[in-house]
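S.K.: show me the folded form of this:
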Amino acid sequence: MKSSALSTSTNPDTGDRTLPRTSWGVILLAVAAGIVIAFQIGKIPASIPTLQAELGMSLVDAGWAISLLYAFAAITGLAAGAVADRFGARRIAIAGLLIAGAGSIVGALAQDLWSLLASRVIEGIGAVSVLVTAPGLILRAVQPKDMRLAMGIWGTFMPTGIAIMLLLTPVLLATIGWRGMWLANTGIVVAFSAWLWVGTRSTPDPVEHREHRDSFWVTATAVLRLPGPWLLASIFGCYAFTFLCVTAFLPKFLIQEHGWDAGAAAVATALVIAANAAGNLIGGWLAHRGAPRWLLIAIGIATMAITAWFIYQPWLGDVARIAIAVSFSLVGGLLPSSVYSSVQMHSPQPDKVAGVNGLILQGTNIGQLTGPPLFAMIVAASTWGQGPWLMVGVASVAVVLAVTLGRLERKNSAADAP
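M.R.: Modelled structure (predicted):
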């Protein structure tokens, strides 16, 4: 383990000295790339009733439509990270955005469930390409002293993008329809790819000595032989499983069981998801101030385990339900920033950060891929109130993993001490 990477002043991709100061413009562009990808996730939940009516989808079908964007990343996250380490974060990020835009076009033309699902797989290929590389762009632009704060900001991309799209979806559905919304997302993705290309010219992909860069197998083996990346990936997978089971189906639950209209349900869900962005910023600030990251992870996921059970209970009042859901998301937001800021510590070498990010993304997407369909199956076979037991169990496993991560980091810190 190269925990000393946190205290060096070298570029994590090339080994050259870092910029004289943190380039916050590049960092914000990398975060914005994640937000644009999150739009492709956020356009589905509030569109479920419309898609069910037009394409004849069941609730379980809707769960797969939500999850299949993650299928490619669930299988190839580590491989994508290793490829990015070899060929350059900037190039792979731009290519990923363009692929996601192509997938959105295919979705806009879908005439049945299967073509819509195929479009989600294509979007997933683009998503994994962006999400394994954007943290590398950030690490290339940040000084070590600002790294934890920068990763806290990066952690806001998913809730911010989903919340924005949830708020826009009712208006877009009413004006241009779901197909128009898919095409609009294509335009956003393609336009932003050009902006990212121009805006990251100060952090170009390294070209010198490329023939000496490690192969995919060397990178993958180096990452997989360490326990830290496995723990980070497993924790984030449990988190993503739990988080998506709440946020993906909350609009449907409020509409079907409590008579909310689609606009109100989308706004409430957007509020819940936006709270997660605030939690990420709080977590990044606390980690920047020296709070133990494993403890932030444990507190976040333990709170999610407790609150998840209440959210779908039919006897709970609407105000209390939304307040608990906001708490679920806000405190849960301590986890992503803490995991992302641990990546360098658990990377085998500074130039293999994308490989670790890839494994984390793979764990994340396994959680996102399996969570909604399993939750939908339980609800379809019983009631909404029984579904949360699945989330309670998964989140409880993550608490144990967080404690294990803390022990590992203390052991590694003791071994590195002079």
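S.K.: ok so residue 290 is a helix residue?
M.R.: No: under the criterion used here (DSSP: H, G, I helix; E, B strand; the rest coil), residue 290 is coil, not part of a helix.
S.K.: residue 93 and residue 196 touch, don't they?
M.R.: Yes: Residue 93 sits in contact with residue 196 when judged by Cβ atoms under 8 Å, with a separation of 6.6 Å. Yep, even glycine has a C-beta here, placed from its N, CA and C like the rest.
S.K.: list the buried residues for the helix or strand where residue 376 lies?
M.R.: Residue 376 is located in helix 353-381, with elements delineated by DSSP states H and E. Within helix 353-381, the residues that qualify as buried by neighbour count (16 or more other Cβ atoms under 10 Å) are 353-376, 378-379.
S.K.: ok, residue 93 and residue 196, which is more surrounded?
M.R.: With other Cβ atoms under 10 Å as the criterion, residue 93 and residue 196 differ in neighbour count, and residue 93 comes out ahead with 29 against 22.
S.K.: how about that one, nearest residue that isn't a chain neighbour?
M.R.: Sequence neighbours aside, residue 133 is the residue nearest to residue 93 in space, at 4.3 Å (criterion: Cβ to Cβ, 6 or more residues apart in numbering).
S.K.: per-residue pLDDT of that neighbour, please?
M.R.: In this prediction, residue 133 carries a pLDDT score of 83.
S.K.: gap between it and residue 144?
M.R.: 20 Å (Cβ to Cβ, to the nearest Å).
S.K.: look at those two and report which has more neighbours.
M.R.: Regarding residue 133 and residue 144, a neighbour count based on other Cβ under 10 Å identifies residue 133 as having more, with 31 against 17.
S.K.: then stretch 404-412 to CSV, C-alphas only?
M.R.: Only the C-alpha atoms of stretch 404-412 are listed here, as CSV (Å, rounded to 0.1, in the frame of the first residue of the first chain):
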residue,chain,number,x,y,z
THR,A,404,-13.1,-3.7,9.3
LEU,A,405,-11.8,-0.9,7.1
GLY,A,406,-11.0,1.1,10.2
ARG,A,407,-9.0,-1.7,11.6
LEU,A,408,-7.1,-2.1,8.4
GLU,A,409,-6.2,1.6,8.1
ARG,A,410,-5.0,1.7,11.7
LYS,A,411,-2.9,-1.4,11.1
ASN,A,412,-1.4,0.2,7.9
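S.K.: show residues contacting that stretch.
M.R.: Outside stretch 404-412, the residues within contact range by Cβ atoms under 8 Å, 6 or more residues apart in numbering are 1, 3, 227-228, 231-232, 235, 292-295, 297-298, 342, 345.
S.K.: average pLDDT for stretch 406-414?
M.R.: For stretch 406-414, the mean pLDDT works out to 80.
S.K.: rewinding a little: which of the residues in whichever helix or strand comes after the helix holding residue 376 are buried?
M.R.: For helix 353-381, the succeeding helix or strand toward the C-terminus, using DSSP H and E, is helix 388-416. Neighbour-count burial for helix 388-416, with 16+ other Cβ under 10 Å as criterion, is recorded at 388, 390-391, 394-399, 401-402, 405-406, 408-409, 412.
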